[in-house]
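Novice: Got a predicted structure plus its sequence, pasted below:
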Amino acid sequence: MHASNNNTISKPVLLIATLALVAIAFPTTALATHLDYLVAQDANGRLVTCAQDFDNGNELTVPVRVFYRDLDESFFGSDPGYSAVSPVNVPSGYFALPPLTALSFDMLAVPLKAQQVSNLWYWNGDGAVDFQPASGAQLQLSVGSSSVSVNGAAAGVTGLKIQDTSATGGVHRHPSYQLLSTKSGDPAQGVYLMAQQTRMPGLLNSIPYYTLFATDAISGAAYLSAQHWATNNLVVPGDVNTDGVVNIADITVVAEHWLQQSPPGDDKYIPIGDANFDRVVNISDITMIAEHWLEQTGGSGANFAVPEPASLLLLLCVAPLLAPRLLRRIALV
């Protein structure tokens with residue numbers, strides 16, 4: 001007489017369980033059906049980007065600097081939109097926007113991997129995530145009848161007015177996003193990445209926030225990899241070489257690009273090595289790297305702390321390593 005096997009799982013149950021696991025591990029590209037940029041201000045009067053999810057009870061997440069959306073088969077989309085809420089609904093620790101004031105965005109030229117600066121990045125979805133400046137395509141953003149576009153050039157673009165805030169500081173408007181080919185045929189399938197800042201009279205511009213757009217034919221697994229890469233590598237404070245950790249490699253980048261800065265009057269170009277986004281590479285960037293030494297994924301990049309004694313000690317420790325590179329840079333200036 002054989003004992004019954006109580007651990008036996010029927011094939012239908014096993015199939016259902018497997019499909020459920022696959023759905024969790026490799027979701028389709030429609031990861032968030034209505035996730036908007038939520039704009040507020042912090043205690044220092046700086047604009048910040050949060051997220052507002054209209055499909056989950058207007059759930060608010062703060063702060064958020066990486067967003068992702070799908071483009072349809074015609075390379076078009078109308079999300080994310082821009083939102084701002086009244087004082088009674090603003091997330092804790094933040095403040096509503098001032099009433100009856102214009103909220104605008106700009107499109108930034110930003111460095112990735114401390115190698116190049118571009119206003120539009122592209123990855124084809126094959127192999128390891130490897131964004132390169134876009135070529136042969138441009139992303140056009142439109143608000144009403146006005147449009148601006150980015151095409152992979154190393155130059156920021158003055159954006160558009162989104163909307164005037166309401167009497168209670170509210171905003172809700174959706175730009176349109178159209179990916180266009182600058183060559184014959186359709187744009188290349190893949191994932192496109194752009195960086196932006198919001199601005200408003202009387203407030204400090206936001207630090208960069210990033211949006212990934214997936215074309216219709218990109219696989220869910222590839223899109224998820226791009227999202228993970230962006231979340232892990234773009235928002236760690238002080239990680240100027242975007243490798244996901246703050247360490248000596250970031251100090252080396254700062255030293256190699258010492259005193260480089262944005263063109264005069266252009267706040268839409270971020271030089272390589274600019275850790276604190278003030279558009280110049282200098283001791284402030286070393287200080288920020290020291291403050292976030294060995295920090296990895298999970299930092300929001302929204303706060304700029306005052307260095308503690310341990311950070312200052314680290315600065316003294318790395319000074320001998322920096323000196324030869326800085327002297328070479330100074331000699332070339």
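Specialist: That came through fine. In this text the structure is predicted, and so the values were computed from the model without any measurement.

Novice: Now do the host helix or strand of Val48: distance to the chain's middle.
Specialist: Assigned by DSSP states H and E, Val48 belongs to strand 47-53. Relative to the chain's own centre, strand 47-53 is displaced by 12 Å; criterion: CA atoms, centre = their mean, to the nearest Å.

Novice: need the next SSE after that strand, C-terminal direction.
Specialist: Per DSSP H and E, the helix or strand that comes after strand 47-53 is strand 59-61.

Novice: Give me the distance between the closest residue to Arg199 other than its chain neighbours and Ala155.
Specialist: Once flanking residues are discounted, Arg199 sits nearest to Asn205: 4.7 Å by CB to CB, 6 or more residues apart in numbering. From N, CA and C alone the C-beta is placed, and that goes for glycine too. Counting by CB to CB, to the nearest Å, the gap from Asn205 to Ala155 is 17 Å.

Novice: for Ser118, same thing?
Specialist: The value you get for Ser118 to Ala155, if CB to CB is used, is 9 Å.

Novice: Tell me which of these two has more neighbours.
Specialist: Ser118 (26 against 16; other CB atoms under 10 Å).

Novice: Per-residue pLDDT of that one, please?
Specialist: We have a pLDDT of 98 for Ser118.

Novice: How about Val88?
Specialist: 90.

Novice: So Asp250: helix, strand or coil?
Specialist: helix (DSSP: H, G, I helix; E, B strand; the rest coil).

Novice: Also Gly202?
Specialist: coil.

Novice: Skipping adjacent residues, who's closest to it in space?
Specialist: Pro98 (6.6 Å).

Novice: and Phe95, how many residues sit next to it?
Specialist: Phe95 has 16 nearby residues by other CB under 10 Å.

Novice: May I have the beta-bridge partners of it?
Specialist: Beta-bridge partners for Phe95, by DSSP bridges, are Gln41.

Novice: Repeat that for Ser83.
Specialist: Leu38, His172.

Novice: mind listing what it touches?
Specialist: 36-39, 52, 170-172 (CB atoms under 8 Å, 6 or more residues apart in numbering).

Novice: Next: Ile270.
Specialist: Here Ile270 is in contact with 108-111, 117, 195, 208, 262, 277, 279 (CB under 8 Å, 6+ apart).

Novice: ranges for the helices of this structure?
Specialist: In the chain, the segments counted as helices under DSSP state H are 11-25, 220-233, 248-256, 283-291, 309-332.

Novice: Roughly how far does the residue nearest to Arg199 sit from Gly265?
Specialist: 14 Å.

Novice: any residues touching stretch 135-145, and which ones?
Specialist: In contact with stretch 135-145 (CB under 8 Å, 6+ apart) are residues 107, 120, 122, 147-152, 159-162, 173, 175-183, 187-188, 192, 194, 213.

Novice: how about the contacts of Ser83, which pair is most distant?
Specialist: Longest distance between any two of these is 13.8 Å, between Tyr37 and Gly170; criterion CB to CB.

Novice: When these two are compared, which one has more neighbours?
Specialist: Taking neighbours as other CB under 10 Å, Tyr37 and Gly170 compare with Tyr37 leading, 25 against 17.

Novice: Pretty sure that one sits against Asp79.
Specialist: No - if you go by CB atoms under 8 Å, Tyr37 and Asp79 don't touch, sitting 9.7 Å apart.
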